[in-house]
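> Let's see this in three dimensions:
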Amino acid sequence: MKTYLRIGIIVIVVATFVYLGFKVGHNIQKKIDSAERLETIPDFEFQSLEDDIFTKDSLKANMPTLLIYFNSTCDFCQHEAKSIVEHLEDFKNVQLLFISEEPKHSIKTFAVDYKLYNQQNITFLHDNTHKFTDRFDANTIPYLLVYNEKGKLIKRHKGQLNAKGILKLLHQKL
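Okay, here's the model as predicted:
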């Protein structure tokens, strides 16, 4: 009986290690795939607040792009928006996409409250299919992706980043 117990324990331990090794390998591969996918702006499709479809092809060519995944009730997102508003002139040659899964009325209220609505270079988008988090590997809010004018990733940032920090990234040469 002791032999069967020992064999059973060994089998369980080996199976556990095999399973954990597989999970670790899978997670590493997922991170590698995500990093490769985000090197340039990936294809996407979201809804504007006016119910138009907004895709990668809707972006202005040869212009740096900032994708900001946010939630209107998030204090960090609110501070980030306030900081951007205070430096709006510095962002005139950058296209900013604010993306949220929240209802459109909440997104619009946020945009209006922070004086970001109807700005020439700022677009608010609704992720009505809840695909942003998987497509862009976002697991926090705010979450920023900063791309240069050629659509190459400059920085992925989890958490709040003030306008000066964003502008500093945008002025880096790759």
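
> can you list the domain ranges for the protein.
Listed domain ranges for the chain are 1-37, 45-170 (source: automatic domain parsing).

> most packed of those domains?
domain 45-170 (a mean of 17; mean count of other C-beta atoms under 10 Å). To be clear about C-beta, it is placed using only N, CA and C from the backbone, and glycine gets the same treatment.

> For the domains of the chain, give me TSV that also has mean pLDDT.
Shown next, in TSV, are those (pLDDT from 0 to 100):
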stretch	mean pLDDT
domain 1-37	72
domain 45-170	93
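
> Stretch 65-74: how far from the chain's middle?
Taking C-alpha atoms, centre = their mean, to the nearest Å, one finds stretch 65-74 lying 8 Å from the centre of the chain it belongs to.

> ditto for stretch 124-134
Distance, stretch centre to chain centre, for stretch 124-134: 10 Å (C-alpha atoms, centre = their mean).

> Not counting residues beside it along the chain, what's closest to residue 70?
Among residues not flanking residue 70 along the chain, residue 77 sits closest, at 4.0 Å (C-beta to C-beta, 6 or more residues apart in numbering).

> what's the helix or strand for the one you found?
Taking DSSP states H and E as the definition, residue 77 sits inside helix 75-86.

> What ranges does this protein have for its strands?
For the chain, the strands defined by DSSP state E cover 45-48, 53-55, 65-69, 95-100, 122-126, 143-147, 153-158.

> what bridges to residue 144?
On the basis of DSSP bridges, residue 144 is bridged to residue 68, residue 157.

> Just the endpoints, please. Distance across stretch 59-79?
Stretch 59-79 stretches 26 Å from its first residue to its last (C-alpha to C-alpha, to the nearest Å).
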